[in-house]
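A.B. asks: Turn this into a structure:
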Amino acid sequence: MVSVIVVLIGLFGMAAFHAVIIEGQRDLERLDAHAVELRAENDRLEVEVAALLAPGRIEAEAKARLGMVDPTDVTYLAPVPAGSAVPGGQ
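C.D. replies: Predicted coordinates:
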């Protein structure tokens, strides 16, 4: 009789252990699916950021929203070596 009880307790323990494993597997599959969704969202956002950082888009936005215009003339400045006198300076 005692051996039957021990076997039944063992079977119950194995069933409970398998239930815990199955629940853990469900959680793992749910987390894996969520990770795939997040990777896809991250890829989409990286493409969006790259498009937003494109110099042509920034230039177009600056002209359209801020009223910026192309310069009519360009003046180039030459660097002055450190320690030398600045022309026209004090």
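A.B. asks: Would you mind listing the residues in contact with the residue nearest the centre of the chain?
C.D. replies: With distances taken as Cα atoms, centre = their mean, N42 lies nearest the centre of the chain, 4.9 Å away. Contact criterion Cβ atoms under 8 Å, 6 or more residues apart in numbering gives no residues in contact with N42. C-beta coordinates here come from the backbone N, C-alpha and C atoms, glycine included.
A.B. asks: For it, which three-state class applies?
C.D. replies: Following DSSP: H, G, I helix; E, B strand; the rest coil, we place N42 in the helix state.
A.B. asks: So what's the predicted local confidence for it?
C.D. replies: At N42, the model reports a pLDDT of 98.
A.B. asks: Same check on the one 5 residues further on?
C.D. replies: The confidence metric pLDDT takes the value 98 at V47.
A.B. asks: roughly how far out does stretch 49-59 sit from the chain middle?
C.D. replies: Per Cα atoms, centre = their mean, to the nearest Å, the displacement of stretch 49-59 from the mean C-alpha position of its chain is 18 Å.
A.B. asks: which parts of it are buried?
C.D. replies: Residues of stretch 49-59 include none that count as buried (16 or more other Cβ atoms under 10 Å).
A.B. asks: Give me the contacts around it.
C.D. replies: Applying Cβ under 8 Å, 6+ apart, stretch 49-59 turns out to have no external contacts.
A.B. asks: Helices along the protein, start to end?
C.D. replies: Taking DSSP state H, the helices of the chain run over residues 2-52, 55-66.
A.B. asks: Give me the angle between the shortest one and helix 2-52.
C.D. replies: To tie it back to what came earlier, the one meant is helix 55-66. Put simply, helix 55-66 runs at 70 degrees to helix 2-52, going by axes from the mean of the first three to the mean of the last three Cα atoms, to 10 degrees.
A.B. asks: Export only the CA atoms of helix 55-66, formatted as PDB.
C.D. replies: What follows is helix 55-66, C-alpha atoms only, in PDB (Å, rounded to 0.1, in the frame of the first residue of the first chain):
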ATOM      1  CA  PRO A  55      21.000  66.100 -46.200                       C
ATOM      2  CA  GLY A  56      18.500  66.700 -49.000                       C
ATOM      3  CA  ARG A  57      15.500  66.300 -46.700                       C
ATOM      4  CA  ILE A  58      17.100  68.600 -44.100                       C
ATOM      5  CA  GLU A  59      17.800  71.200 -46.800                       C
ATOM      6  CA  ALA A  60      14.200  71.000 -48.100                       C
ATOM      7  CA  GLU A  61      12.800  71.400 -44.600                       C
ATOM      8  CA  ALA A  62      15.000  74.400 -43.900                       C
ATOM      9  CA  LYS A  63      13.900  76.100 -47.000                       C
ATOM     10  CA  ALA A  64      10.200  75.300 -46.700                       C
ATOM     11  CA  ARG A  65       9.700  75.800 -42.900                       C
ATOM     12  CA  LEU A  66      12.400  78.200 -42.000                       C
END
